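Peer 1: could you look at this predicted model? Sequence included:
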Amino acid sequence: MADLMNPSELDAALDLGNLDLTSRDEMINELTNRDGLILDIVNGHIRENLEDELVQEALKTGVDLRHYSQEIEKELAAVEAASITDYIGESKKIAQLHKEMKQCDSILEQMEQMLGTFQQDLGSISTEIQTLQEKSLEMSVKLGNRKELKTKLSSFLDNIVVSPKLVETLVNTSVVEQPFMDALHELDKKLQFAEAEQHTLASNDVSDVLDKLKTKAVIKIRLYILEKVQEYKKPMSNYQVLQETLLKYKYYYEFLVTHSPSTAAEIKLEYVDTVSKVYFSYFKTYQSRLIRLEFEEVPTKADVMGAEDESRRSIQLSMFSSSKSIRSRSTVFTLGNRDDLMNNQLEWPVIIPVHSADKRFPYEAIFRSVQFSLIDNVCAEYGFLVHFFRVRGEKAQILFTNVMERTLSLLIKSVESYMEKCYDCIGIMLCAHITMHYHELMKKRGFGALVGFHNQLLQILWPRFTFVLSQNIHSIRETDPGRLTELDTRPHFITRRFGEFYSAIHTLNDKFPNDQTVRSMSLLQVEVENVILRMAAEFRERQDQLVFLINNYDLMLSVMQCRTTDTSKEVMSIQELLNKRINEYVDEVLLPHFGGMISFVKDNEKMLESGAGGSQIKVNESYINQIVRGFNQDHKKSIDSINSDVMRRFTNFNNGTVILQSALTKMIQYYSRFHKILSQPPFKTLPCRMDMINVHHVMVEVKKYKNQF
């Protein structure tokens, strides 16, 4: 390989530089100072050569590398000689190729010149385009400014110019026609625009014309609205129709508020004054006509629970009495169908006096009609005030108060005046509940303008109800049984009145519970129970006393259970008293017929239960024989007598059946116990035991009276 290289190529390959063989030590030092870099490179080449497949194969076969290197060099020399021969053989083609390459270089040079010229042309075009873009942008800005100026100028002219058509419409067209309202809207815009642009000459030029048109419109609107307000004063006017008509033109008032506040204030004041008088007159007349339809007979201060009916008084006593009272006081304390008003008639149409001239109504029906009419009118009026006069919140409440204050005061005074002489507890409570119901109705509608009015009514009704109820309680407390004209074992009229009254108040109080009413009714019940005990004390016989108590308790219970539950506190209290008196009466009614047997059973049962022996119990055989014979002979007659006595004494057949069954059951129990005692020492050896009637035979006799009632 080295033989093929010339000296210069060999020097370049070896790269000996300025190598000085005499300076061996310096060279070593210089190589050493290169930080081993060359050694690392050489080591790397050695490793790469060792990894070569041919080198590895030569090492494995043990070939001499020097001989192998010489062979390789010979092969390379042969290849080089062949290559030179081929190159000489192809020299013509290579020369032709060289010529063609020069031609291509010439063509490419021409194309380069053309592209340079084209690039210069493109640069000049780009500059022209940029210039055109700038001019286009400038023209676009100018166009936009002109359009904006045109729009503003057009809008200014439209808002400032007063057309002849506008003048003609506002001057000659009626206010009820739609063109007038459209023209008024246009005038409103022009007035507001002229005020905003008052610094311009154009605005000053048309201000005089606009002021004249505004004055003309204000005059026409004022006359029209005042004319409609005056129609409220006409008889038989329909207020809601008038309000709906005014609401169609509520913009007129809005125009006046903006451009003529004094005229708007005048119209508002006139409306408030006129409508206030109209409502006052209407409700005054309506209420006075309704009150004539009230029942002629109404409760008075003499119609209390403890007072006797007129039918019970003698003619002589009535001649000396100056106070008038209702003929039958039973209706004063009975609810009847009066609560239908609370169930399904609260929102019925109001009473029309002309159509109901031949009818009569209780006060609560008249009260409901007035209150419902008030609610209808008030809701409509409040809605009108809010929408027409454009007021909200506190301002709306003040305006509403100005309109309805006189009317509400009239109704308050009317109710207060009536309640001063009213003694109808049920009617007063119904009026209070009607008021509370309408108060809740107003809350559901989101209308709170009548809250104060309803509170005032309740402050009148509830104290009056409490007062009248206390008068009834006082009348019961002051009742003197000795002064009553008729007193027998039948239920007393006070008992029935209390039962009916309690049922009525309890039914009404369930709808709107009131603790004070519950406490007052409990006090009334205590007083009624006390007066019944005082009446019972007027009878000499104990059985008559018990019969009187049982009949009265039973009547109270029967009436109260019609409208209350059996688990109510008051019903359970009366039931307990009734059961106690029935048990006591049963003992009393058995004593005349079976007194000996009952005494014998009670005395000997105690001794036998205490563990006394036969020697300690005295056996009176003749007395026992007498009891046995008496029972055998008289038990049927005694049962029949008891049955007759119960049928005669007790007015309620169901109650009589219960009492008779209780008495006969207790008689059988005593007889069974009598049997049991005689079956034990020292009585079981008595011969009379053989004569005793079997208990089952007695039970058969008793069953005959099971269905007497």
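Peer 2: Noted; the coordinates are in hand.

Peer 1: for Glu440, grab the count of nearby residues.
Peer 2: Here the neighbour count serves as a burial measure; for Glu440 (other CB atoms under 10 Å) it reads 12. In this view, the C-beta of every residue, glycine as well, is placed from N, C-alpha and C.

Peer 1: got a pLDDT number for it?
Peer 2: Reported pLDDT at Glu440 in the predicted model: 91.

Peer 1: can you give me the buried ones in the strand or helix carrying it?
Peer 2: If you go by DSSP states H and E, Glu440 is part of helix 425-444. Buried residues in helix 425-444, defined by neighbour count with 16 or more other CB atoms under 10 Å: 425-439, 441-442.

Peer 1: quick check: chain neighbours aside, which residue is closest to Asn655?
Peer 2: Leaving aside its chain neighbours, Asn655 sits nearest to Asp554 (4.5 Å; criterion: CB to CB, 6 or more residues apart in numbering).

Peer 1: the one you found reaches Arg649, doesn't it?
Peer 2: No - under the contact definition of CB atoms under 8 Å, Asp554 does not touch Arg649, with a separation of 11.7 Å.

Peer 1: out of these two, which sits in the busier spot?
Peer 2: Asp554 (25 against 20).

Peer 1: how near is the more buried one to Phe683?
Peer 2: From Asp554 over to Phe683 the distance is 41 Å, taken as CB to CB, to the nearest Å.

Peer 1: again with Asn625
Peer 2: 12 Å.

Peer 1: flag every buried residue along the strand or helix carrying the residue nearest to Asn655.
Peer 2: Secondary structure from DSSP H and E places Asp554 in helix 542-561. Buried positions in helix 542-561, judged by neighbour count with 16+ other CB under 10 Å: 543, 545-561.

Peer 1: do the same with stretch 279-292
Peer 2: Tyr279, Phe280, Phe283, Tyr286, Gln287, Arg289, Leu290.

Peer 1: and which of those is nearest Gln633?
Peer 2: The nearest member of those to Gln633, counting by CB to CB, is Leu290 at 74.9 Å.

Peer 1: test my guess that Glu270 contacts Val229.
Peer 2: Yes - counting by CB under 8 Å, Val229 is a contact partner of Glu270 at 5.8 Å.

Peer 1: neighbour count for the two, which is higher?
Peer 2: Neighbours of Glu270 and Val229, each counted by other CB under 10 Å, are more numerous for Val229; the result is 19 against 15.

Peer 1: my guess is the more buried one meets Asp273, correct?
Peer 2: No - counting by CB under 8 Å, Asp273 is not a contact partner of Val229; they are 9.2 Å apart.

Peer 1: which phi and psi does Lys395 have?
Peer 2: Phi and psi for Lys395, reported as degrees, to the nearest 10, are phi -60, psi -40.

Peer 1: distance of it from Asp52?
Peer 2: 110 Å.

Peer 1: what do you get for Ile627?
Peer 2: In this structure, Ile627 and Asp52 are 151 Å apart, going by CB to CB.

Peer 1: so which of the two has more stuff around it?
Peer 2: Neighbours per residue (other CB under 10 Å) separate Ile627 from Asp52, with Ile627 holding more: 23 against 10.

Peer 1: please look at that one and Met597 and confirm they touch.
Peer 2: Yes - shown here, Ile627 and Met597 form a contact pair, counting by CB under 8 Å, at 5.2 Å.

Peer 1: between these two, what contacts are shared?
Peer 2: When contacts are counted by CB atoms under 8 Å, 6 or more residues apart in numbering, the set common to Ile627 and Met597 consists of Phe674.

Peer 1: show me where the stretch 251-400 of the chain has its helices.
Peer 2: 261-291, 315-319, 340-343, 363-388, 393-419 (DSSP state H, counting those that start in this stretch).

Peer 1: what's the most buried one of the ones you listed?
Peer 2: With neighbours defined by mean count of other CB atoms under 10 Å, none of the helices of the stretch 251-400 of the chain is more surrounded on average than helix 363-388, at a mean of 20.

Peer 1: which residues touch Ser356?
Peer 2: Leu293.

Peer 1: what does the average pLDDT come to for stretch 160-170?
Peer 2: Per-residue pLDDT values over stretch 160-170 give a mean of 83.

Peer 1: revised request: answer the last question for stretch 212-229.
Peer 2: 91.

Peer 1: and for stretch 692-706?
Peer 2: 84.

Peer 1: buried set for it?
Peer 2: Neighbour-count burial for stretch 692-706, counted by 16+ other CB under 10 Å, picks out Met692, Val698, Val702, Tyr705.

Peer 1: wait, the first one touches Lys676, no?
Peer 2: No - using CB under 8 Å, Met692 and Lys676 do not qualify as a contacting pair, with a distance of 11.6 Å.

Peer 1: before we move on, the earlier item: so after the helix holding Glu440, what's the next helix or strand?
Peer 2: Using DSSP H and E, the helix or strand that directly follows helix 425-444 along the chain is helix 451-477.

Peer 1: quick one: list the elements packing against that following helix.
Peer 2: Using 3 or more CB pairs under 8 Å, 6 or more residues apart in numbering; DSSP states H and E as the contact criterion, the elements in contact with helix 451-477 are helix 393-419, helix 425-444, helix 515-536.

Peer 1: pull the CA atoms of the last one into CSV?
Peer 2: As requested, the backbone C-alpha atoms of helix 515-536 are provided in CSV (Å, rounded to 0.1, in the frame of the first residue of the first chain):
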residue,chain,number,x,y,z
ASP,A,515,-107.3,28.8,73.3
GLN,A,516,-109.3,31.5,75.1
THR,A,517,-112.6,30.0,73.7
VAL,A,518,-111.6,26.5,74.9
ARG,A,519,-110.9,27.8,78.4
SER,A,520,-114.2,29.7,78.5
MET,A,521,-116.2,26.6,77.3
SER,A,522,-114.5,24.5,80.0
LEU,A,523,-115.6,27.0,82.6
LEU,A,524,-119.1,27.0,81.2
GLN,A,525,-119.2,23.2,81.4
VAL,A,526,-118.2,23.3,85.0
GLU,A,527,-121.0,25.8,85.8
VAL,A,528,-123.6,23.7,83.9
GLU,A,529,-122.5,20.5,85.9
ASN,A,530,-122.8,22.5,89.1
VAL,A,531,-126.3,23.8,88.3
ILE,A,532,-127.5,20.3,87.4
LEU,A,533,-126.3,19.1,90.8
ARG,A,534,-128.1,22.0,92.5
MET,A,535,-131.3,21.1,90.6
ALA,A,536,-131.0,17.4,91.5
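
Peer 1: no more questions from me, cheers.
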